[in-house]
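Colleague: Here is the input, now give the coordinates:
(one chain, ligands or ions: 1)
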Amino acid sequence: MRWEGGRRGGGVEDRRGLGGVGLAGGGAGTLVLALIGYFVFGIDPFTTQQVVRQFDQAVPQQGKVGTPEDQAGQFIDVVSANINDVWARKLRGYQPPRVVLYERGTQTGCGFGQTAMGPFYCPNDATVYLDLSFWQEMETQLGASGAEFARAYVVAHEFGHHVQNITGTARKVQAAQQNAPNQAEANTLSVAMELQADCYAGVWAASAAVASGGKVALEPGDLEQGLRTARAIGDDTLQRRSGGQVVPERFTHGSSGQRVEWLKRGHAAGDARACDTFAAR
Ligand SMILES: [Zn+2]
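Modeller: Below you'll find the predicted structure:
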């Protein structure tokens, strides 16, 4: 993936090195291994609030705002700026989210966030939270691709949730979930939300080069690496990996096949209107 000449200014706040306040014992690694099957790739923002409440400690943290100096931080900054440029062209009234980099744990508008939750978006403070050490877990534990584009896909997926927040889809789905007759139905709605975020990531990928004058662009083979990651984090693959049966009613993010399909569809269309995962189910 080409990105180094891309525009900076992705709205990054760098909290790395501040330390994870209030983190439960066992260390981040243990938590990651215990929870990876549930939380990989950002959990449902509404369940986040329940999960993290027990860790909630009102210690505000303020990191360094601006482009980080290290390569990994700059990558997030440039990719985020590019995703913002793409959505600013496609969505009237688009406002960029904040992007917080942290290590182990940090305070969020949705309670206490930690590495084990994976990358996630909090609608309450319109912020994408990323612990960059999570890439390594995804790649070594789950067989996700280590390619830069595969990581950018993860970031773009979280920005996809931000888009859903702006369009009002997130609120509508939350209301529908509260009225759902059972958990299986609520999960179906969650899957549609997640697949739409995958599709939006594809829409971004299709438009990255145009929005950056070619400075941020996919290179040959990149899309395949993104698809490999999408496949690695499908619910059926994760359920199988954790030694259990495949239970579609418990899917919250979609099967590997569905995630691959919607990332592809978004990329092929380059248009958010191709991402009506709610009508498609
Ligand atoms: Zn998601």
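Colleague: contacts and neighbour counts: CA atoms only from here.
Modeller: Will do.
Colleague: Would you point out which residue is most central in the chain?
Modeller: Nearest to the geometric centre of the chain sits Glu158, at 3.1 Å (Cα atoms, centre = their mean).
Colleague: can I assume that residue is in contact with Cys122?
Modeller: No. Using Cα atoms under 8 Å, Glu158 is not in contact with Cys122, being 9.3 Å away.
Colleague: Closest residue of the stretch 151-281 of the chain to the ion?
Modeller: Proximity of the stretch 151-281 of the chain to the ion (Cα to the ion) peaks at Glu194, 4.8 Å away.
Colleague: Which helix or which strand is home to that residue?
Modeller: Element membership for Glu194, per DSSP states H and E: helix 183-211.
Colleague: Spell out which parts of the stretch 151-281 of the chain neighbour the ion.
Modeller: Residues of the stretch 151-281 of the chain found near the ion (Cα under 5 Å from the ion) are Glu194.
Colleague: Show the end-to-end separation of stretch 83-98, please.
Modeller: 12 Å (Cα to Cα, to the nearest Å).
Colleague: And for it, what's in contact with it?
Modeller: 10-13, 126-128, 156, 159, 162-163, 166, 204, 207-208, 211-212, 272 (Cα atoms under 8 Å, 6 or more residues apart in numbering).
Colleague: Now, those residues that are in strands?
Modeller: If you go by DSSP state E, these have Val12, Glu13, Thr127, Val128 in strands.
Colleague: The third one bridge partners, please.
Modeller: Think Thr127. For Thr127, the beta-bridge partners are Arg98, Cys122 (DSSP bridges).
Colleague: give me the number of residues near Gly221?
Modeller: Other residues within reach of Gly221, judged by other Cα atoms under 10 Å, total 11.
Colleague: Check the spacing between it and Val100 real quick.
Modeller: Counting by Cα to Cα, the gap from Gly221 to Val100 is 29 Å.
Colleague: Show me the shaky parts of the protein.
Modeller: 19-60, 281 (pLDDT under 70).
Colleague: residue ranges for the helices of it, please.
Modeller: Under the criterion DSSP state H, helices of the chain are mapped to 27-39, 45-53, 71-90, 133-142, 148-167, 169-178, 183-211, 222-232, 235-241, 256-269, 277-280.
Colleague: Include distance to Arg2 when you put those helices into JSON lines, please.
Modeller: Formatted as JSON lines, the helices of the chain follow (distance: least, Cα to Cα, whole Å):
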{"stretch": "helix 27-39", "distance to Arg2": "29"}
{"stretch": "helix 45-53", "distance to Arg2": "31"}
{"stretch": "helix 71-90", "distance to Arg2": "10"}
{"stretch": "helix 133-142", "distance to Arg2": "19"}
{"stretch": "helix 148-167", "distance to Arg2": "9"}
{"stretch": "helix 169-178", "distance to Arg2": "32"}
{"stretch": "helix 183-211", "distance to Arg2": "9"}
{"stretch": "helix 222-232", "distance to Arg2": "10"}
{"stretch": "helix 235-241", "distance to Arg2": "30"}
{"stretch": "helix 256-269", "distance to Arg2": "17"}
{"stretch": "helix 277-280", "distance to Arg2": "30"}
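Colleague: No further questions, thank you.
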